[in-house]
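Q: Predicted coordinates and the sequence they were generated for:
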Amino acid sequence: MDILSYPFRLGLDGRMATVEQGSDQEAAEAIEIIIGSRIDERPMCWPFGIPDPTFAGLEPDDINSALQMWGPTGVTVTDIDTEIVDEYTEKSVVSFTRGPEGDAL
């Protein structure tokens with residue numbers, strides 16, 4: 001089964017882009033949405049997201065708590081590697097495992 005891709009976009013054929021439910025891409029997009037959402041930012045779903053990473057930094061426990069509540073199931077953030085790109089920008093690479101097997105992605 002396919003679900004809408006994040007960010008929302010249209011393909012060259014004019015159809016909405018999708019990802020396969022249960023895929024690594026779905027997990028990566030879910031993590032991206034969680035990281036990009038601060039708690040209380042969404043009025044209709046105020047507990048969604050993580051504490052503001054600008055001041056709190058990115059913490060695997062915050063992301064894992066959100067994943068447990070909002071899904072997808074079986075995804076666990078194992079590491080976050082952050083590097084300073086310039087005086088205004090940081091780049092973070094999030095590593096996660098998926099499924100009961102614990103295969104690293």
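A: Thanks, I have it. Bear in mind the structure is a predicted one, so any value in this text is a computation, not a measurement.

Q: Could you check the pLDDT of the residue of the chain positioned farthest from its centre?
A: Here the chain reaches farthest from its C-alpha mean at residue 13, the gap being 26.9 Å by C-alpha atoms, centre = their mean. If you check residue 13, the pLDDT there is 92.

Q: next one: residue 19
A: 91.

Q: dump the residue contacts of it.
A: Contacts for residue 19 were tallied using C-beta atoms under 8 Å, 6 or more residues apart in numbering; they are 2-3, 5, 25-26, 29. Yep, even glycine has a C-beta here, placed from its N, CA and C like the rest.

Q: what would these look like in a markdown table with secondary structure, pLDDT and neighbour count?
A: A markdown table is the format used below for the contacts of residue 19 (DSSP: H, G, I helix; E, B strand; the rest coil; pLDDT from 0 to 100; neighbours: other C-beta atoms under 10 Å):
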| residue | secondary structure | pLDDT | neighbour count |
| --- | --- | --- | --- |
| 2 | strand | 89 | 12 |
| 3 | strand | 88 | 15 |
| 5 | coil | 88 | 15 |
| 25 | helix | 92 | 13 |
| 26 | helix | 93 | 21 |
| 29 | helix | 94 | 18 |
